[in-house]
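Chemist: Sequence and predicted structure, then a few things I'm wondering about:
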Amino acid sequence: MELWIPITVAAALLQCTRTALQQKLKALLSTNGANFVRYFYGAPVSILMLVLLITVGGRVLPEWDWVFVAWAALGGVAQIIATSLLIYSFELRNFAVGTAYSKTETVQLALVAVLVLGEPLGLLAWIGIIVSLLGVVLLSVKGDTRTLRDIALGWTHKAALVGIAAGGIFGIAAVSIRQGALHLPGGDFMIRAIFTLAVMNTLQTLIMGAWLMARERDQIVKVAVTWRSSALVGLLSVFGSACWAMGFALQSAAYIRALGQVELVFTFIASRYMLHERPTVGELVSAVLVVGGVVLVLLAR
């Protein structure tokens, strides 16, 4: 088995578990507070991983410049915004449905390539886009095809718009993180991935910490008080992000994204057994359509 396969499956599992635990933290923290724990507790771990790679692993820290920092900052800010939107979408519907909306990221990027960059798409990709959009519309009306009007306007519901926005901004984050890692001139895939992650997590902690100090100062205290559950979110986040970064360094993004859709399987399991939610049959079918369409778009590349 090629190394990128288990790394990608591990990334999907870690990401799903971390997001489910963030959702549970919403009983104790605000949306931004639940988001902040990901970076506050994750940054020290990513820095420790970098130090171990250099001291024990014998790697050399890559040379960097401010272009690299700019890519890391853009990716970090985009990830902050997208994560807060994703957590908010869970409030509007549920964990499984919010995650499914965010999976439209690849379809959105494909449409941007056509409409903005003028890049042509093949028949298989267009079929995938239509299938995925159909799934989004059905999810928006809770899998219930009551009337044609409900179906036609379903995607305009708040939960759909928030989840789709999260997916689009996650796409910006992924592109920025990859560009940052590729901009580094030297080092193997592991040191470049972990160095990018450490810089990004540190910037995210500073940026979001400053925001909370100015707007939600009480959340800083609550993040510290809930350190047992919050630290676990940070650990899962940094290990998951490290797996994604290493996966992209080993294999093309199309294959990583396609295999990464296994996260939806983990999502429905977590929704049922960790969060005690019961997605409807219609929501399950709609989510499968969303992810199936995404996979078709990826396979068409």
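Modeler: Nice, I can see it. Numbering: from 1, shown residues only.
Chemist: which residues of the stretch 1-150 of the chain score low on pLDDT?
Modeler: For the stretch 1-150 of the chain, residues meeting the criterion pLDDT under 70 lie at 1, 96, 109-110, 112-114, 116-119, 121, 136-137, 139-150.
Chemist: Could you pull out the helices in it for me?
Modeler: In the stretch 1-150 of the chain, the helices defined using DSSP state H, counting those that start in this stretch lie at 4-25, 31-40, 42-55, 66-92, 95-102, 105-115, 123-140, 148-153.
Chemist: residues contacting Thr83?
Modeler: Contacts here follow Cβ atoms under 8 Å, 6 or more residues apart in numbering; on that basis Thr83 touches 22, 35, 38, 166. All C-beta spots, glycine's among them, are computed from the backbone N, C-alpha and C.
Chemist: just to revisit the earlier point, hey, which of the helices of the stretch 1-150 of the chain is tucked in deepest?
Modeler: Of all the helices of the stretch 1-150 of the chain, helix 95-102 carries the top mean neighbour count, a mean of 28, counting by mean count of other Cβ atoms under 10 Å.
Chemist: same for that one, what does it pack against?
Modeler: Applying 3 or more Cβ pairs under 8 Å, 6 or more residues apart in numbering; DSSP states H and E, we find helix 95-102 packed against helix 4-25, helix 66-92, helix 123-140, helix 158-183, helix 263-273, helix 281-299.
Chemist: re the thing from before, wait, which of the contacts of Thr83 is closest to Leu85?
Modeler: Ala166 (3.9 Å; Cβ to Cβ).
Chemist: was I right about Val67 contacting His183?
Modeler: Yes: when contacts are counted by Cβ atoms under 8 Å, Val67 is listed as touching His183 (5.9 Å).
Chemist: Give me the three-state assignment for the residue lying closest to Thr17 once chain neighbours are set aside.
Modeler: Excluding the flanking residues, the one nearest Thr17 by Cβ to Cβ, 6 or more residues apart in numbering is Leu236, at 5.6 Å. With DSSP: H, G, I helix; E, B strand; the rest coil as the basis, Leu236 sits in helix.
Chemist: what about Leu236, neighbour count?
Modeler: Leu236 is surrounded by 23 other residues when neighbours are defined as other Cβ atoms under 10 Å.
Chemist: Isn't it up against Ala20?
Modeler: No: between Leu236 and Ala20 no contact is recorded; they are 9.6 Å apart, counting by Cβ under 8 Å.
Chemist: Now do Leu92 against Val9, distance only.
Modeler: With distances defined as Cβ to Cβ, to the nearest Å, the gap from Leu92 to Val9 amounts to 29 Å.
Chemist: With Arg278 instead?
Modeler: Counting by Cβ to Cβ, the gap from Arg278 to Val9 is 26 Å.
Chemist: Over to Leu115?
Modeler: 33 Å.
Chemist: still on that earlier bit, export the helices and strands packed on helix 95-102 to JSON lines and append columns for distance to Gly247.
Modeler: As requested, the helices and strands packed on helix 95-102 are exported to JSON lines (distance: least, Cβ to Cβ, whole Å):
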{"stretch": "helix 4-25", "distance to Gly247": "5"}
{"stretch": "helix 66-92", "distance to Gly247": "16"}
{"stretch": "helix 123-140", "distance to Gly247": "21"}
{"stretch": "helix 158-183", "distance to Gly247": "11"}
{"stretch": "helix 263-273", "distance to Gly247": "13"}
{"stretch": "helix 281-299", "distance to Gly247": "14"}
